[in-house]
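Asker: Need coordinates for the below:
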Amino acid sequence: MNRRLALLLLASACSKAATDKPAPAEKSGPAEPAKPPAPAAKPQIKDLAVKDMLAKGSACKLGGDGTLPLDCPEYKAIHEYAFQHQGSEEAAETCAAFLADPDQVKRLLAAQCLYGFNSVTQTKVFAWGLDAVETETVPAVQKEIAWGIMKGEAVTAKQEDRVIADIKKLSANPQTATAASNLLDSLFPSYLIGSGPKPPPAAQQLALDALRLDDSPMQYTVLNVALTHLDDKPAVCAALDAAITPTAKTWWMAAEGIVTMKEACVALLPKTIDIALARAATDNPRLEVLEDFDHAFEIEPPTRATIAKALRAAKAKVPSEYRDDLEKLAKQYSAPRVKKT
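Answerer: Here you go, the predicted structure:
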């Protein structure tokens, strides 16, 4: 047997031996849980222009509420710089680095800086912003930091579970409830064109619960930002129904939620119209609710006539500055509906 043939036979035997090995046994038992993302390294100072502006800004004096006055020159300058460099990760990371600065003024300026960046750039530094929110001990600063990263996408940054936990903790304290509402924005990103990542079920439930929190920062955010992102329309309508009561401070905001939801919550109209007419005869009539209802929904002529009559009757009970508005709205309801385009 020549050498080449012997080598071929040996290679064939080795290959067969390898294929004859029994396959490894499949593992049994529950799958291992996915590991959370590794903690990000601390942000570094990479943009010297940002560093210089933040250093100069430390001369600004804090206002009585612990925030920066609008006439602080660096307050406007740092925001404009970030806005003009929206895609600069170096500038954003430098701002994030100052969120841990011992100087409260610099931390506030850094939060203002972050707000100037677009959603894509905020998302890239989002985890660092959360680090700062979680470690900040001054509520006024904590609120501003959360505001500074509110346009970031928590889901894209894979921080949604962490954000939800932070919101639950912060919303329980009136001093930090606004910070919680700012973070809620990051779970429900909105754009003029297209849409952001789908809010996870836990975030949607958080929003549904917040709809029932009368006159709270969380409720404001849901009504203004999150409402159309919620999948369970009957649950949304039920939450709006609970929020629209004669004694609720923000009944009118929840009523505007019906307009946002359109036909999905149209069954709430009769009850809400009754409440709106009762409030029309007070010193805070919130006439915009009935005005928007007229543009958004087909209200039957008999109901329109009832509304017009009630509005005119309310004129004798309200402060004089509202009487012309009541008459104008009464005339609107006395005429056929004009659909708003």
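Asker: Give me the mean pLDDT for stretch 63-77.
Answerer: Mean pLDDT, stretch 63-77: 82.
Asker: end-to-end on that stretch?
Answerer: 18 Å (Cα to Cα, to the nearest Å).
Asker: roughly how far out does it sit from the chain middle?
Answerer: Distance of stretch 63-77 from the chain centroid (Cα atoms, centre = their mean, to the nearest Å) equals 24 Å.
Asker: go on, stretch 270-278?
Answerer: Centre-to-centre, stretch 270-278 and its host chain are 29 Å apart (Cα atoms, centre = their mean).
Asker: pLDDT averaged over it - what is it?
Answerer: The average pLDDT for stretch 270-278 rounds to 97.
Asker: ok, and for it, which residues are buried?
Answerer: If you call a residue buried by 16 or more other Cβ atoms under 10 Å, then stretch 270-278 has these buried ones: 272-273, 275-277. Any C-beta I mention is one placed from the backbone N, CA and C, and that applies to glycine too.
Asker: Stretch 86-101 now?
Answerer: For stretch 86-101, the buried set under the neighbour-count rule, 16+ other Cβ under 10 Å, comprises 88-89, 91-101.
Asker: which residues touch it?
Answerer: Here stretch 86-101 makes contact (Cβ atoms under 8 Å, 6 or more residues apart in numbering) with 42-47, 49-51, 54, 78, 81-82, 85, 106-107, 109-111, 113-114, 116-118, 120-122, 124-125, 128-129, 131-132, 135-136, 145.
Asker: cool, and stretch 190-208?
Answerer: Contacts for stretch 190-208 (Cβ under 8 Å, 6+ apart): 119, 153, 155-156, 160-161, 163-164, 167-168, 184, 187-189, 222, 225-226, 229-232, 235-236, 239.
Asker: Now a ChimeraX select for only the buried ones of those residues.
Answerer: Selection of the buried residues among the contacts of stretch 190-208 in ChimeraX, burial being defined by 16+ other Cβ under 10 Å:
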select :119,153,155,156,160,163,164,167,184,187,188,189,222,225,226,229,230,236,239
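Asker: Now do stretch 53-70: distance from first to last residue.
Answerer: 16 Å.
Asker: Need the three-state assignment for the nearest residue to Tyr322 once chain neighbours are set aside.
Answerer: Using Cβ to Cβ, 6 or more residues apart in numbering and skipping residues adjacent in sequence, the residue nearest Tyr322 is Pro285, 5.7 Å away. Each residue gets one of three states, and Pro285 gets coil by DSSP: H, G, I helix; E, B strand; the rest coil.
Asker: Mind checking which of the buried residues of stretch 86-101 are in helices?
Answerer: If you go by DSSP state H, these have 89, 91-97 in helices.
Asker: Now the residues you listed in a markdown table, please, with extra columns for distance to Val318 and pLDDT.
Answerer: Below are these laid out as a markdown table (distance: Cβ to Cβ, whole Å; pLDDT from 0 to 100):
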| residue | distance to Val318 | pLDDT |
| --- | --- | --- |
| Glu89 | 55 | 96 |
| Ala91 | 52 | 96 |
| Ala92 | 50 | 97 |
| Glu93 | 55 | 97 |
| Thr94 | 54 | 96 |
| Cys95 | 49 | 96 |
| Ala96 | 51 | 97 |
| Ala97 | 54 | 97 |
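Asker: quick one: Leu70 from Arg107, how far?
Answerer: As for Leu70, its distance to Arg107 is 17 Å (criterion: Cβ to Cβ, to the nearest Å).
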